[in-house]
Structure formats: C-alpha cells, structure tokens
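Visitor: With the sequence up front, the predicted model follows.
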Amino acid sequence: MAAPTLDIHFGDNLSVISEWPDESFDLIYIDPPFNTGKVQARTQIKTVRDDDGDCEGYKGQKYRTVRVGTKSYSDVFSDYLSFLEPRLEQAQRLLKPNGSFFLHLDYREVHYAKVLLDMIFGRESFINEIIWAYDYGARSKKKWSAKHDNILWYAKDPNNYTYRYDDIDRIPYMAPGLVTKEKAERGKTPTDTWWHTIVSPNGKEKTGYPTQKPLGVINRLIRVHTKPGDRVLDFFAGSGTAGEAAFRQNRNAVLVDCNEEAMEVMEHRLSFAQPVWHGWKATELDNNEICLLDVLSVSAAK
C-alpha cells in the first residue's frame, strides 16, 4: 500500500470545499466553533532558569514563568445554523456512498444541528450520538457542571457504512468480578459514552491551540470508521488532530482552516508528514527540529 498523504488548505472552508468533486471522502469529521458567545483563547507559557525566579524545581533550582503568547479566535455567530447549513450540505455531497460524517459540538447547539442534519442526510441516516465525557476544570454552583461534548454520527447510506468492530479498542470492566477471567482480561467495547481526559495542559500532546481535541478520541473514530488507504477530511482543522490521527493510521487526510494561527500550529505539529500546502507558504524547519517534533508526536499518539 502506498504511503499516506496529507494536504492542508488555507482559506474559507466553504469556498475551498465547494470546488471539489462529489463523493471524494470516506469519512468527514468537523469540530466547528461551538457558538459559546466568547472569545476562545489559550495562553502559552514556559519556564526558564532564573536564580531569582518564583518557582523551585529539582535540587532547589529556581525558575520563572514567561508568557510566550496567546492564541485565540472569536466564537460568536448571530445566526449559527445559517453558518453551518451550507457547510453541512457540502459534507453530505463530498461523502462517498458508504461514508460517515461526524459533527462535534456541545450542548448549546447540538439539538438544533441534529434537526438540520436530519433534513440534509435524512433521519434514517442518523446512527449514533456519541457523548465524550471528561472530568476537568471548574465546577458550577448553580447547576450540574457541563463536562461533555456531543458527536453526531450520520452515515450517507444507513445500510452500508464502515464499522470495523474488531478494531475497537477495549476498556476495563467497572466490575471485573462479575464476568469471567477471560472477559475481564480482554476488556469490553465502549458504549456511546466515551470517558476520555481532555488534552493535558502540561502534556506533550498540547499544541497551545484553543479547543484542541485529544488524539485518543479522534483515533478511535478513524480506526473504526475507515480502512487503511481511505480518505479523511476535516474542514475546521484547528490544530490538526484529525490529520495526525489519520496519517498515523495510514489514512490519507485533507485539512482546511482559515485561521493563520491554526496553520502555524499545523506547520510544526504535522511537519513529520511532509504535507502538501495549498494557499499557504510553510516555514522551512531544519532536520533537527523536524526530528524532535516527530518524536514528540509519536509519544503523544501512544
């Protein structure tokens, strides 16, 4: 099998994807802005050795914290569904006959988006709502704290889609004493509720891009719903998680984003894949830097 490919496009996603031929992709995953009404931002920091620093580390060495910068984007839309609708229509057009589409949102808009997708794909094409649950961050004192995202799965043909059951990763039984030893050792398949941590603020996987999604969640989607050599599209690419997950699993990937900060993050994160750039002049990284980034990406994917 040929080596996987990665193409990254810079530009308005609707303009870009509207030019592509019908039935071009086996899986489309998008993680659009959630319409939170806020500016989504992530401040990047690093620590440096400083005898007068305010932090103490190994063997009493002193460090100080330095703010590197902030990445942000506006997550405010006056008519969110009008923004989404033409892009969802393009997704349906671009899917192959046995392809699957995944829309990643949260509780604010998911119910509206589902009605819209029912009209575009047909209600019979709705297969699952996957709940990605996590347990991190502040707690509300006025309501049950919202600690989950929603992923809607639609198959273009509800009678013909890729679902590789044998490739599902197994998870531990919560009560292993209630099943046989063999079952406990093998583990069980997840349900439509996936418990998975967010990207650790201090982990190697972290890129500093706001709303970055964990590789573990996207890896599962791509491993189960595509075959090696298939083609994956994410036209709200952000930090490029879908691109890395697809490429690492020998799938071809196409990414689109209009945010310059996203392109800069993907330049560094995905350099190991030697992507083909469209509408963007990538910075040339030296071999040592590429090697280091590749090592970090492999560690994060494990």
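Guide: Perfect, I can see it now. Given the structure is predicted, the values throughout are model-derived calculations rather than measurements.

Visitor: Any regions of this protein where pLDDT drops low?
Guide: 34-50, 52-78, 284-302 (pLDDT under 70).

Visitor: now with 80?
Guide: In the predicted model of the chain, residues 34-78, 201-202, 208, 210-211, 284-302 satisfy pLDDT under 80.

Visitor: Which parts of it are strands?
Guide: For the chain, the strands defined by DSSP state E occupy 6-10, 25-30, 38-49, 55-56, 62-75, 95-105, 126-133, 148-155, 193-195, 231-234, 252-257, 276-278.

Visitor: how about the helices in this structure?
Guide: Per DSSP state H, the chain carries helices over the ranges 13-17, 80-94, 110-121, 181-186, 215-225, 241-248, 260-269, 287-301.

Visitor: so the fifth one versus strand 25-30, what angle?
Guide: Orientation check (axes from the mean of the first three to the mean of the last three C-alpha atoms, to 10 degrees): helix 215-225 against strand 25-30 gives 150 degrees.

Visitor: One more: the third one?
Guide: Here the directions of helix 110-121 and strand 25-30 differ by 150 degrees (the same axes, to 10 degrees).

Visitor: can you give me how far helix 110-121 is from the chain middle?
Guide: 21 Å (C-alpha atoms, centre = their mean, to the nearest Å).

Visitor: With the fifth one instead?
Guide: Centroid displacement of helix 215-225 relative to its chain, using C-alpha atoms, centre = their mean, is 9 Å.

Visitor: Buried deepest among the helices of the chain, which one?
Guide: Scoring those by mean neighbour count under mean count of other C-beta atoms under 10 Å gives helix 241-248 as the most buried, with a mean of 26. Where C-beta positions appear, they are placed from N, C-alpha and C, glycine not excepted.

Visitor: Need the contact partners of that helix.
Guide: For helix 241-248, contacts defined as C-beta atoms under 8 Å, 6 or more residues apart in numbering pick out 4, 6, 8, 29, 212-215, 218-219, 221-222, 226, 232, 234, 237, 252-253, 255, 266, 269-270, 273, 275, 297, 301.

Visitor: run the last query once more with 6 Å
Guide: By C-beta atoms under 6 Å, 6 or more residues apart in numbering, the residues outside helix 241-248 that reach it are 4, 6, 29, 213, 215, 218-219, 222, 232, 234, 253, 255, 270, 273, 301.

Visitor: Please apply the same query to stretch 14-28.
Guide: Taking C-beta under 6 Å, 6+ apart as the rule, stretch 14-28 contacts 9, 86-87, 90-91, 93-94, 96, 99-101, 225-226, 230-233, 235, 256.

Visitor: Pull out the buried positions in it.
Guide: Along stretch 14-28, these residues count as buried under the neighbour rule (16 or more other C-beta atoms under 10 Å): Val16, Ile17, Ser24, Phe25, Asp26, Leu27, Ile28.

Visitor: any chance of those in a markdown table, plus distance to Tyr112?
Guide: Formatted as a markdown table, the buried residues of stretch 14-28 follow (distance: C-beta to C-beta, whole Å):
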| residue | distance to Tyr112 |
| --- | --- |
| Val16 | 25 |
| Ile17 | 22 |
| Ser24 | 27 |
| Phe25 | 25 |
| Asp26 | 27 |
| Leu27 | 23 |
| Ile28 | 20 |
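
Visitor: Max pairwise distance over these: which two?
Guide: Val16 and Asp26 (18.8 Å; C-beta to C-beta).

Visitor: returning to what we had before: do you know which of the helices of the chain lies nearest Thr207?
Guide: Of all the helices of the chain, helix 260-269 sits nearest to Thr207, with 5.0 Å by C-beta to C-beta.
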